[in-house]
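[1] Pasted the sequence and its predicted model underneath.
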Amino acid sequence: MYAASDRQVSEAAGQGNNAAVGYHFGTKADLVRAVARRHAERIEALRERAIVAAGDSRDVRDWVDCLVRPVTEHLAALGSPTWYARFCAQVMTDPVLHEIMLEESMASPALRQAVEGLNRNLPELPPEVRAERGQMVRLLILHTCAERERTLAEGAPTPRATWAEAADGLADAVLGLWLAPVSPPR
C-alpha cells in the first residue's frame, strides 16, 4: 500500500489531480479507513440479516454462517473482477493499517453479535486455544476470499463454481477449526 504513490492512486481512480488522495481523504491511512467503511455498510446489513435468521440457534454452524456468508455474498455482489478481499489481505499485513482494519471491523455491532452467538455455542475451549483459533478463522476467511478473488480475476478455474458454493466449503473449514479436538499439553 505504501509503495503506491498518491499520484498512482489518483490515476487509478481516474483523477487528474495528483493531490486527490490528500484532498479527499487526508492520508493513505484515512483512504484505507474510507474503503473499509464503504464495504462495511453492505457487509453489516448482510450480517444483520444472517443474525436474524440464526435467531436463538444453538447450532455452531449457524453462527459460523453469520461470519462467512456476509463476506462472500458481498464479494459476489461486487461482480468480477473484484479487488476488496485482496485489498484487505494486503492491508492486514501492514502493522499500521492492520490496526485500522481491526478497529473498523470491531466497530461492527453485527460482527460483535455474531461472535457472541458463536462463543455462546462453542464447546469449552481453553482461552489460549479460543484466541488462537479466532486468529486462524480470521486468516482463513480473509485469505480464502482473496485467493478466490485473484483466481476469478485471472479467469482461472476455481474449486467451487460460485461464491455461495465457496461459502459452503469455507464454512465447513471454519466449523472444523472451531470443533477440532484440543491436544493435551506435552
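    Happy to help now that I have it.
[2] just the helices in the protein please.
    6-12, 20-24, 28-54, 60-78, 84-91, 95-106, 109-121, 127-154, 163-179 (DSSP state H).
[3] Let me have these in JSON lines, adding mean neighbour count, mean pLDDT and distance to Pro185 as columns.
    Heads up, the C-betas are built off the backbone N, CA and C, glycines and all. Output for these, formatted as JSON lines (neighbours: other CB atoms under 10 Å; pLDDT from 0 to 100; distance: least, CB to CB, whole Å):
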{"stretch": "helix 6-12", "mean neighbour count": "15", "mean pLDDT": "62", "distance to Pro185": "49"}
{"stretch": "helix 20-24", "mean neighbour count": "16", "mean pLDDT": "62", "distance to Pro185": "50"}
{"stretch": "helix 28-54", "mean neighbour count": "17", "mean pLDDT": "92", "distance to Pro185": "34"}
{"stretch": "helix 60-78", "mean neighbour count": "21", "mean pLDDT": "98", "distance to Pro185": "25"}
{"stretch": "helix 84-91", "mean neighbour count": "19", "mean pLDDT": "93", "distance to Pro185": "33"}
{"stretch": "helix 95-106", "mean neighbour count": "14", "mean pLDDT": "85", "distance to Pro185": "30"}
{"stretch": "helix 109-121", "mean neighbour count": "17", "mean pLDDT": "96", "distance to Pro185": "23"}
{"stretch": "helix 127-154", "mean neighbour count": "16", "mean pLDDT": "96", "distance to Pro185": "11"}
{"stretch": "helix 163-179", "mean neighbour count": "18", "mean pLDDT": "98", "distance to Pro185": "20"}
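[4] of all the ones you listed, which lies closest to Arg186?
    helix 127-154 (14.2 Å; CB to CB).
[5] Gly79 versus the most centrally placed residue in the chain, what's the distance?
    Nearest to the mean C-alpha position of the chain, by CA atoms, centre = their mean, lies Leu142 at 4.9 Å. In this view, Leu142 and Gly79 are 20 Å apart by CB to CB, to the nearest Å.
[6] same deal with Val91?
    In terms of CB to CB, Val91 sits 21 Å off from Gly79.
[7] And Asp94, by the same measure?
    Counting by CB to CB - Asp94 and Gly79 are separated by 27 Å.
[8] Looking at the two, which is more packed in?
    Using other CB atoms under 10 Å as the criterion, Asp94 and Gly79 rank with Asp94 on top: 16 against 8.
[9] Model confidence at the more buried one, what's the number?
    Asp94 carries a pLDDT value of 87.
[10] for the residue nearest to the centre of the chain, what are its contacts?
    Contact partners of Leu142, counting by CB atoms under 8 Å, 6 or more residues apart in numbering, are 85, 88-89, 92.
[11] Apply 6 Å and report the result again.
    By CB atoms under 6 Å, 6 or more residues apart in numbering, the residues touching Leu142 are 88-89.
[12] Return the distance of Asp65 relative to Ala146.
    Asp65 is 20 Å from Ala146, by CB to CB.
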